[in-house]
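> this is a predicted model, with the sequence first.
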Amino acid sequence: MEKETKPKTRKSGKTLQTAREAGYFGKKMLKKGLEAQEKGAPIGWSMVTWWQGELIARAMDVELVFPENYGAFCASVRQAEPHLERSAAEGYPGTLCGYARNCIGYAAMMADNNGKVPEGAPGGGLAKPKFLLGSGAACDARYKWFQALGRYLDAPVWTLDLPQTGTNEFFLAGNKELNISFMVSHLRKYVAFLEDLLGTKLDYDRLREMVIQTLKTLELAHQVDLLRRAKPSPMVGTDFWSVMIPHLYLPDDPEAYEFYQRVYDEVKQKVDNKIGAIPNEKYRMMFSELPPWHTLGFFDEIAERFGIAIVIESWNYHPILPIPEEELDGVTDPLELIARLSYRKWSEYNPVAEKYGVGPGFFMAAYLQYAEDYQADGLLAHPLMSCRPATYTLLHTRNTLEEKLKVPGVVIEGDIVDLRVFNEEEAISKVEAFVETMDHFRDLRKEAGMAW
Amino acid sequence: MSEEKKKTGLARAHELYSYRNRRALELKSEGRKTLGYFCCYPPLEIMTALDFVPIRILGDMDEPITVADGYLPTVMCIFYRSCFDVGMKGKYDYLDGFVGSHSCDGAERTSHIWRNYMKTPCNFFLDMPHTSSPEAVRFFKDQMNYFKETLEDFAGKKITRDRLEESISLHNKQRQLVRELFNLRKPDPPLVTGSEVLQVIIALMVIPVEEGINLLEEVLQEVKSRPNVTPKKPGRLLIWGSLIDHTAFTELIENSGFNIVVEDTAIGARPFWHDVESTEDPMHGLARHYLQEVKCPRTFAKSGRDYREDLENRFGYLKEFAKYWNVNSVYANIIRNCDIHGYEVPSIKDYFESMDLPVLVIEQDYSTAALEPLRTRFQAFAETIQ
């Protein structure tokens, strides 16, 4: 039988040694899920909930696996297509999220296999779940997709809400505390659901320790973000998309903290010695949103050809800005700590949005702060054919950056999973033309007396 | 007095449907203030209680999307891109206020972006949970209270409890009359067409509630007293899914072998199917109504013990709809890039097909220019019913 030929793509070259090692955490999650299945231990399929639901589940000895991450993995090894095709055959529109279609196709194949991991599943597959943890934050797909899996999996879905007020509304007197209060009562219901499902009680002391460990890891990951402001940039986007796995998915894991200490040390050493992640850094760009996992070599290509370093990227995958100490003073209930932590993520840039008189605070305003802090020359916006909510604010972000800070943007359409909709050559041509635009706007910023 | 005010009943509904801003502009010239809002979740009762005229913001299937291309990516919900496009082209420049809502991703993100580019003296973004538990209702009530206070500041007056209850009664009266109108499609053939109903519903969304009640009373009287003009078709069709707001579409369906007998959409039964219950705290009643009773897949329904029970939790009311209107076919209308309905497609098919009801699913582009190719699909679907 003739071997299937796939388009060749350049592999991404991570510049940090620690980034090259970070794949360990993704494999660890999948492996632990499969081990849990062997032992008959409970497994949950979880969305990223910005730590709102994951820590509680883990404190109750649930092994979590992340179908979003699995979608990225399948795409990166170019094995998503059979799942996408199965999803289409099941009747799901091709316009839905690529991660979702990958997962739906996978779950349908799992149902065919009597609930067992399908043979030859990429990365060993996702183990069968006892429940699904959806999230109302960021996009509708992240609870609708799990609801749709009811066709294939006999597992209940729990959906966690995470308030997303507008910027003006965030500043209304008392509203933040009402949001937190809702989240805490909502989390209590989630705990009750898990206790009922698992027949075990939550150990609140253990949970508190896990939250404290999470805060430590996130603080350290934030310190790495701060180091990245250096010129030349000590690490780039292709490094970040590897090192984000532990803080986003496993921040309570002491191994994640130890790992981040090594990331910090490596990046600090590069900053101290003025070693750039890419040779001859000429342009410092921000990237938004998720990258084309199947073609990460694109970033190396534009680094080599044009001296472009992705100095900061994709706000919602970064650790939170540290929570002011006074906000946590006297807070002992771990559920409230979690609520404050998760809410912080979705409200942290409201002050920036307010300062510039724009909105929303999430998905958009962070880039205004990043542009100044990282002295960015441009924004590389990557609207995703199948991850729309991450994409909705991109053009608005581009417009606002140009209007407020004279930082231009270039738009390159693609997808996180479906490699058929990303044209690498066309993308490189667009970037080539954009280099002159960045030069022009550098002059404009200089004329305006701006700092970079 | 303007021409459309002289007309009554269905003719008046047609005028209001055709010239949607005209009445609002007249009311503005008389000193009334208008509030534009997205979807069917901002509580109209609060707006009415402060004498604002609520105007439902809709797109325009006749208008090619051009300006929005510079602000909203092509991959997003085409309906909300269209809303934004016609907004940027000035269609809603007369609004005194804007009320966005977290109905779905499209409504939510467009609400935030709208406020950056289309400035109005008053604006509010109504966050709402996706779950509907008692704590979610309390949270939603809190957000509605902020909305009420924002409007009170803008209006320069407070809403009294009596005035709020009076407003709730008015809107309930309107809901009851809409249900009466829907009931006129129980006979076979129905006494009123889907296209006529659509015009009435959209008319209600661009006039004050008191005028809406008058309009409905006129329409009901007219339809009941006229000879039945609706030809009997093989298909008694239930439309489920994304909204339809243009009669070019409903007429195409009705001319392809169907009587549209009920629409479970955001410009159909959803905003009207339940009354706001009288509660000790009227704000609680409003929060519960909008979060629990306005049925849309955007609100997460608690998981069932198995798939069958899950489907009942999500779609059980549709079984009642299908029986009540003696439906024999279903059209699942998906505006392209509408995730909320897109994820439901195989499940809604499973549910209706378990009742032996055939389902036609179409992802469409919210454009009259793209409608004609759909005709053969509806005709072929009608043939399967005969």
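Perfect, I can see it now.
> switch to C-alpha atoms for all contacts and neighbour counts from now on
Fine.
> does A:Ala366 count as helix, strand or coil?
helix (DSSP: H, G, I helix; E, B strand; the rest coil).
> ok, the closest residue in space to it that isn't next to it in sequence - contacts?
Nearest non-adjacent residue to A:Ala366, counting by CA to CA, 6 or more residues apart in numbering or on different chains: A:Tyr349, 5.8 Å away. Listed by CA atoms under 8 Å, 6 or more residues apart in numbering or on different chains, the contact set of A:Tyr349 reads A:361-362, A:365-366.
> model confidence score at A:Tyr349, please.
Note for A:Tyr349: predicted pLDDT of 98.
> and the most centrally placed residue in chain A, what does it touch?
Chain A has A:Tyr317 as the residue nearest its centroid, 3.5 Å off, counting by CA atoms, centre = their mean. Residues near A:Tyr317 by CA under 8 Å, 6+ apart: A:244, A:248.
> rerun at 10 Å
A:48, A:50, A:240-241, A:244-245, A:247-248, A:289-290, A:345 (CA atoms under 10 Å, 6 or more residues apart in numbering or on different chains).
> ok, of the residues you listed, which one's closest to B:Leu181?
The closest of the contacts of A:Tyr317 to B:Leu181 turns out to be A:Val48 (CA to CA; 45.5 Å).
> who in the stretch 251-386 of chain B is up against chain A?
Within the stretch 251-386 of chain B, the positions near chain A by CA under 10 Å from any CA of the partner chain are B:297-308, B:310-311, B:314, B:334, B:336-347, B:349-350, B:361-363.
> let's see it at 8 Å
Within the stretch 251-386 of chain B, the positions lying close to chain A (CA under 8 Å from any CA of the partner chain) are B:298, B:300, B:302-307, B:310, B:336-337, B:339-340, B:342-347.
> narrow these to those that are buried.
Neighbour-count burial (16 or more other CA atoms under 10 Å in any protein chain shown) applied to these gives B:298, B:300, B:302-304, B:307, B:310, B:336-337, B:339-340, B:342-347.
> so where do the strands sit in chain A?
A:43-46, A:63-65, A:131-135, A:157-160, A:283-288, A:308-313, A:378-381, A:409-411 (DSSP state E).
> which ones among the buried ones among the residues of the stretch 251-386 of chain B next to chain A map onto helices?
Members of these lying in helices (criterion: DSSP state H): B:307, B:310, B:339-340, B:342, B:345-347.
> turn these into CSV, including pLDDT.
Conversion of those to CSV gives the following (pLDDT from 0 to 100):
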residue, pLDDT
B:Tyr307, 95
B:Asp310, 96
B:Asp339, 95
B:Ile340, 95
B:Gly342, 97
B:Val345, 98
B:Pro346, 98
B:Ser347, 98
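> quick check: the two most widely separated of those?
Greatest spacing in these, by CA to CA: B:Tyr307 and B:Asp339 (20.4 Å).
> tell me how far A:Glu195 lies from chain B.
A:Glu195 is 16 Å from chain B, where distance means CA to the nearest CA, to the nearest Å.
> on that earlier part again, can you tell me which of the contacts of A:Tyr317 is closest to B:Ile78?
Comparing the contacts of A:Tyr317 against B:Ile78 with CA to CA places A:Glu289 closest, at 20.6 Å.
> that closest one: how many residues sit nearby?
23 (other CA atoms under 10 Å in any protein chain shown).
> next, give phi and psi for it.
Torsion angles at A:Glu289 (phi, psi; degrees, to the nearest 10) stand at phi -120, psi -110.
> now B:Lys28: closest residue in space that isn't a chain neighbour?
B:Thr34 (7.2 Å).
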